[in-house]
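Engineer: From the sequence below, what's the structure:
(one chain, ligands or ions: 1)
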Amino acid sequence: MPEVKAQPGIEQITLYEGGLTSVEGQSNVIKLSSNENPLGPSDAAVEAFRRASFDLHRYPSADHIKLRQAIGEVFGLDPKRIICGVGSDEVLGMIAHAYAGPEDDVIFTEHGFALYRNWAHASGARPVEVRERERVTDVDAILETCSEKTKIIFIANPNNPTGTMISETEITHLADHIPPQALLVLDGAYADYVEGYDGGAKLAEERHNVFMTRTFSKLYGLGGLRVGWGYGPKNIIDNLNRIRGPFNLSAAALATAEAAVRDQAYIEKCRNENNRLRAWLAEALAEHGVPSDTSLTNFILARFSSQAEADACDGFLKSEGLIVRRVGGYKLPACLRITVGDESACRRVAHCIGQFKAGRS
Ligand SMILES: *Cc1c(COP(=O)(O)O)cnc(C)c1O
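Structural biologist: Okay, the predicted model is just below:
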């Protein structure tokens, strides 16, 4: 046994696995495994990234003021209450480090995002998983699980990998009834896909116990750049800034994200295209006997009759050069998570699943 030991919890962390990017023997694959925007970022964002290459010798801004102002203008939020991180992953991690520790409970749901458990372990806290109701967050079950030990409740709304969401009434009910020492964190990675939903911004604005996270990785098409942000009570933002690395975001990342958020015409186009193709894909799969819950995101959770069938379909799709996401690790072994790609990718994946199902009946 080595005598130099990591903090409790660290060795219990299971490394996060990103979506596969290649299949052996296939050169022309379509990647539908990481919920990326198939259209990529806006031209204005790409241009900002290019321009940033002329200033690589300069340190970036430590306070991210220009990006926070741009986000504030676009979303109608107070820039003083925004924090930017290396993806929303970093913001979620900072929350866990600052607000949970040994003897504390961190709550998340049965099919919740994998990193919540890891951030709980990393802060030495106890991860506590709460059952869902038919792949939907169950607010009552969460409230029943809360105790005087609960410090953080992580909820993705809409959730990944289920694609489902709960209403603002339910979220408000939750915020109203959690114990006084608990912080409700609303992960809005997919909120941009839901027209008319603010991701929890208003609640985070009004309450001392609600915090919201958002990302540039999904609808904004910048997963490779690593930019996310959080919004919440000023005292929480101040504490996160105390533990944040001062130069966590590169100058290129800051400038590119700023240009991306200002190009809302492009974002609207991407949202409309995604939502149109999502409806088409869900219906096409249903016609082939593969049901899914109504998704409010940029992916569909396709349900098969068994784990064996899901595995076989995944294998068949791979042989056709289509990479989707296995979600056995999310306790959904009979499902495959399929990102809504561009039109031809949607047609191809629907066609192949149809072929697979026809071959089995
Ligand atoms: C993709 C995703 C994130 C964000 O990841 P970043 O790239 O780190 O911003 C956060 N939560 C959920 C549920 C996600 O699916």
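Engineer: What about residue 241, how many residues nearby?
Structural biologist: Neighbour count of residue 241, defined by other C-beta atoms under 10 Å: 15. C-beta here means a position set from N, CA and C on the backbone, and glycine is covered the same way.
Engineer: Just say helix, strand or coil for the closest residue to it other than its chain neighbours.
Structural biologist: Once flanking residues are discounted, residue 241 sits nearest to residue 83: 6.3 Å by C-beta to C-beta, 6 or more residues apart in numbering. Three-state assignment for residue 83 (DSSP: H, G, I helix; E, B strand; the rest coil): strand.
Engineer: and residue 83, what are its bridge partners?
Structural biologist: Note on residue 83: beta-bridge partners by DSSP bridges are residue 230.
Engineer: Domain parsing of this protein, as residue ranges.
Structural biologist: Here the domain parsing of the chain from automatic domain parsing is 10-40+265-360, 43-263.
Engineer: Can you convert those domains into TSV and add a column each for distance to residue 3?
Structural biologist: Below are the domains of the chain laid out as TSV (distance: least, C-beta to C-beta, whole Å):
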stretch	distance to residue 3
domain 10-40+265-360	15
domain 43-263	20
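Engineer: With mean pLDDT and distance to the ligand as new columns, can those be given to me in a markdown table?
Structural biologist: Converted to a markdown table, these look like this (pLDDT from 0 to 100; distance: least, C-beta to the nearest ligand atom, whole Å):
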| stretch | mean pLDDT | distance to the ligand |
| --- | --- | --- |
| domain 10-40+265-360 | 95 | 6 |
| domain 43-263 | 98 | 2 |
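Engineer: What helix or strand is the residue nearest the centre of the chain located in?
Structural biologist: In the chain, the residue lying closest to the centroid (C-alpha atoms, centre = their mean) is residue 189, at 4.0 Å. Using DSSP states H and E, residue 189 sits in no helix or strand.
Engineer: start at 6 instead
Structural biologist: Will do, 6 is the new start, and the previous item becomes residue 194.
Engineer: So what sits opposite the nearest residue to it once chain neighbours are set aside in the bridge?
Structural biologist: Of all residues not flanking residue 194 in the chain, residue 220 sits nearest, at 4.9 Å (C-beta to C-beta, 6+ apart). For residue 220, the beta-bridge partners are residue 233 (DSSP bridges).
Engineer: sorry, back to before: so what's the residue nearest to the centre of the chain up against?
Structural biologist: 93, 118, 161, 165, 218-220, 222-223 (C-beta atoms under 8 Å, 6 or more residues apart in numbering).
Engineer: Which of the residues you listed fall in strands?
Structural biologist: Using DSSP state E to define strands, the subset of the contacts of residue 194 located there is 161, 218-220.
Engineer: Among those residues, which one sits closest to residue 124?
Structural biologist: Nearest to residue 124 among the ones in strands among the contacts of residue 194: residue 218, at 11.6 Å, using C-beta to C-beta.
Engineer: which ones are touching the closest one?
Structural biologist: Contacts of residue 218 by C-beta under 8 Å, 6+ apart are 93, 96-97, 100, 190-194, 233-236.
Engineer: would you turn the residues you listed into JSON lines with distance to residue 289?
Structural biologist: Conversion of those to JSON lines gives the following (distance: C-beta to C-beta, whole Å):
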{"residue": "93", "distance to residue 289": "31"}
{"residue": "96", "distance to residue 289": "36"}
{"residue": "97", "distance to residue 289": "34"}
{"residue": "100", "distance to residue 289": "39"}
{"residue": "190", "distance to residue 289": "35"}
{"residue": "191", "distance to residue 289": "32"}
{"residue": "192", "distance to residue 289": "29"}
{"residue": "193", "distance to residue 289": "28"}
{"residue": "194", "distance to residue 289": "25"}
{"residue": "233", "distance to residue 289": "32"}
{"residue": "234", "distance to residue 289": "35"}
{"residue": "235", "distance to residue 289": "37"}
{"residue": "236", "distance to residue 289": "37"}
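Engineer: Could you verify that residue 41 is part of a helix?
Structural biologist: No: under three-state DSSP, residue 41 sits outside any helix and is assigned coil.
Engineer: where do the helices sit along the protein?
Structural biologist: Taking DSSP state H as the criterion, the chain carries its helices at 48-57, 70-80, 92-104, 119-127, 144-150, 173-182, 206-211, 239-248, 256-267, 269-292, 312-324, 348-365.
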